[in-house]
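Student: dropping a prediction and its sequence here:
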Amino acid sequence: MNSPEQRHTISILLENETGALCRVSGLFAARAYNIETLTVAPTEDPSVARMTLVTCGSPQIVEQIIKQLNKLVDVIRLIDLNEGPHIERELMLVKLDAGPAEREEIKRLVDIFRAKIIDVTDKNYIVELTGHNDKLEAFLNAIDRRLIVEVVRSGALGILRGGKSLRV
Amino acid sequence: MVGEQLRGAEIFVRALADEGVEFVFGYPGGAVLHIYDALFNQDLIKHILVRHEQGATHAADGYARATGKPGVVLVTSGPGATNAVTGIATAYMDSIPMVVFTGQVARSLIGNDAFQEVDCIGITRPCVKHSFLVERVEDLAPTIKKAFYIATTGRPGPVVVDIPKDVTADITEYQYPESVDMRSYRPTVKGHPMQIKKAAGLILEAQRPMIYTGGGVILDNAAEALTEFTRALGYPITQTLMGLGGYPSSDRQFIGMLGMHGTYEANMAMHHCDVLVAVGARFDDRVTGDLAKFCPNARIIQIDIDPSSIAKNVPVDVPIVGGCDSVLRDLNAIIRKSARKPMGEDDPWWQQIRDWQKIKCLEYDRKSQLIKPQYVLEELWKITKGDAYITSDVGQHQMWAAQFYGFDKPRRWINSGGLGTMGFGLPSAVGVQLAHPGQPVACVTGEASFVMCIQELSTCKQYDLPIKIILLNNRYMGMVRQWQEFFYDRRYSHSYFDSLPDFVSLAESFGHIGRRIENPADVKDALKDAFAITDRLVLLDFVTDQTENVYPMIAAGKGQTEMHLAPSQAGSEAASRELA
């Protein structure tokens, strides 16, 4: 049973009702499963919310997580995105100390990572960056740590490539 | 069709009646006063007043277990709801269909720390199948319909419906929905034909097969299909604590309960089997013991309506998601066509099992001058002809009842298996006796469990319930004492009572009959006399051997074959051969 832990991105359609989010997060707490990130918002149909949840565990644990999620009465449908080709994106906003000495270096990095500077004051920049979580990590590693004032990340969003889809 | 304009409280009563509810077990309080007003002077449903909300939930639970119909509870907000939580969790662990209505403070007060306010949905979330907060009176009837649908379908379980007080005062048109369709909840009942075929192949080829069944068989009313299945194959069958009665205990193919306090032969057969057919059983730790040593040679087929129960603890070769009854019927059809003869007594596998049975692992000292609890239960079985409804509390007496009262029919054995709730026995007997008036109902209990919900003796008096209380009084928390004897070097930390009440006069003070029995010679007559009284509750206080232990026993986390046998058997030849 000691298989290696793997990161899984699970996409969930659930009834957009009060308490539905609590049932999902409560399940993870009660059964001691990991949540790395969790994002949720209504879809084009306001009665349905879509959640993307990143977790990690052995194949047995992930199988149980998926079964337990499916068992929740509010869950309409779900898919483990790792089962097929998919795209993951995460949004990050970073506030940086940007004095005259640092501005050029920050701009160069922003170009390399295809990020955007979306707010400028005499002392600070706010950088917006979208991408796979590896790319966001790489940006944070590339920038001088001392310049980072705040980091805000959305958690991953995921979607299947091609014609396959997760719909009600 | 235009419905009547009714207040929420009246809608509540009408909806329960339209749902076919017979009894509501409850206790009034501020947030449910409108509902109690609507319950006054009506004859659509019967309200049973308990003495504590935990009693209400256990009584509804007992009713559900004994009938298969959902139990219904009505309690007030705040402490009413929190007192109900133990009973809700008990029902959840054993998958019992139950709908619990809790009052809530008015909508305008929610979140304001109002008097008797508690986040009931939040507190109960981890121990319910689902829950609802009714936000508008228009939602009340449809929510009640959904609650009963969810509680009783798929893998059953408790559903909580939290109703703010002002919702029960609002008025709307009443119409009870005829059906429910939920896009997010559609349980699978029919097993996959390919999986069933694959399972049948394995089953028919088995050399050393075992059938292992659990509470799912009882819940799905699959006893008849299971009996046909087992008899057609001639295979040995064992049952979990929750599964007892799913197959007749008196039948030669039944080799006893399995697990921690299962029989020697059942655990040995599990260990040596080559094909294991698990039906509605969830491989609980009290059944499997050490997972690494569990059924090492078996290919495993698991039938369960809940996909998350399959392969949760033990890897499974052929999983079948579906209702026990439906899947067993499909398997029976294939077995019938195969024209295979049942496995006979001359088969080496049966001979091996009969050899294991020679140990007589359930034997006890029948010459003792003290009352042996096992003896009381054997006599109880004889006097009730094995056909009583038996509720139990939790501990040694529960295990002895499971071992010594041979259940031949489903829904006769009512106990808290999963959560192990002391205090369950008496209130659940209230629900069972109400469901089956005129039938013998006995509550097998210990003095420690019994006092946990003793207030329900008053409910028994109010509704004239002629329950027979079989109190096995050893002046110890017996199972705790047993573990302390085995694993804590006989340090009996806080496991004995030195200030017990006089149970006889206690029963009498509640208006019942009480009797103390101290001599083994008096056991039979005391039981006979008690069951001859059909209109009064009788409490029999059996003063039993204080040091009796439950055998066999597999210590927690040990392997299936690592059984402690009773000291008198441990030295026997067969036992030492197997345990070596």
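Tutor: Done, it's in.
Student: the helix or strand where B:Q302 lies pairs with which strands?
Tutor: Using DSSP states H and E, B:Q302 falls within strand B:299-304. Taking DSSP bridges as the criterion, strand B:299-304 forms sheet pairs with strand B:275-279 (parallel), strand B:318-321 (parallel).
Student: show residues contacting it.
Tutor: Contacts of strand B:299-304 with the rest of the structure, by CB atoms under 8 Å, 6 or more residues apart in numbering or on different chains, involve B:155, B:191, B:199, B:202-203, B:216, B:274-282, B:309-311, B:314-322, B:324, B:327-328. C-betas here are computed from N, CA, C, even on glycine.
Student: cool, stretch B:146-157 as well?
Tutor: For stretch B:146-157, using CB under 8 Å, 6+ apart, the contacting residues are A:73, B:19, B:70, B:91-92, B:95-99, B:128-130, B:132, B:158-159, B:161, B:180, B:182, B:185, B:187, B:216, B:219, B:304-306, B:309.
Student: centre of the chain to that stretch, how far?
Tutor: 17 Å (CA atoms, centre = their mean, to the nearest Å).
Student: could you do stretch B:264-272 as well?
Tutor: For stretch B:264-272 - counting by CA atoms, centre = their mean - the centre lies 24 Å from the chain centre.
Student: now stretch B:554-567
Tutor: On CA atoms, centre = their mean, the centre of stretch B:554-567 falls 24 Å from that of its chain.
Student: contacts for it?
Tutor: So stretch B:554-567 is contacted by B:259-260, B:262, B:264, B:267-268, B:270-271, B:285, B:288-290, B:292-295, B:359, B:361, B:363-364, B:486-487, B:549, B:551-553, B:570, B:572, B:575, B:578-579 (CB under 8 Å, 6+ apart).
Student: filter the contacts of strand B:299-304 to the buried ones?
Tutor: B:155, B:191, B:199, B:202-203, B:216, B:274-282, B:309-311, B:314, B:316, B:318-322, B:324, B:327-328 (16 or more other CB atoms under 10 Å in any protein chain shown).
Student: and the residue of the stretch 451-580 of chain B found nearest chain A, how many neighbours does it have?
Tutor: Going by CB to the nearest CB, chain A is nearest to B:G557 of the stretch 451-580 of chain B, at 15.1 Å. Here the count is done by other CB atoms under 10 Å in any protein chain shown, and B:G557 has 11 residues near it.
Student: check it and give its pLDDT.
Tutor: We have a pLDDT of 91 for B:G557.
Student: tell me which element it falls in.
Tutor: Applying DSSP H and E, one finds B:G557 in no helix or strand.
Student: tell me the spacing between it and B:L241.
Tutor: Taking CB to CB, to the nearest Å as the measure, B:G557 falls 18 Å from B:L241.
Student: cool, and B:T213?
Tutor: 11 Å.
Student: how about B:P126?
Tutor: 23 Å.
Student: between those two, who's got more neighbours?
Tutor: Between B:P126 and B:L241, counted using other CB under 10 Å, the more crowded position is B:L241 (28 against 14).
Student: and the nearest residue to that one once chain neighbours are set aside, how many neighbours?
Tutor: The shortest distance from B:L241 to any non-neighbouring residue, by CB to CB, 6 or more residues apart in numbering or on different chains, is to B:G417 (4.7 Å). Using other CB under 10 Å, B:G417 has 23 other residues around it.
Student: so B:G417, which state does it fall into?
Tutor: When classified by DSSP: H, G, I helix; E, B strand; the rest coil, B:G417 comes out as coil.
Student: which residues does it contact?
Tutor: Contacts of B:G417 by CB under 8 Å, 6+ apart are B:M93, B:D94, B:G215, B:T240, B:L241, B:M242.
Student: isn't B:R366 up against B:Y375?
Tutor: Yes: using CB atoms under 8 Å, B:R366 makes contact with B:Y375 at a distance of 7.0 Å.
Student: pick out whichever of these two has more residues nearby.
Tutor: B:Y375 (22 against 10).
Student: helix, strand or coil for that one?
Tutor: helix.
Student: now the residue in chain A that chain B sits nearest to: closest residue in space, sequence neighbours ignored.
Tutor: Distance from chain B to each residue of chain A (CB to the nearest CB) is smallest for A:K67, at 3.7 Å. Closest residue to A:K67 apart from its sequence neighbours, by CB to CB, 6+ apart: B:S308 at 3.7 Å.
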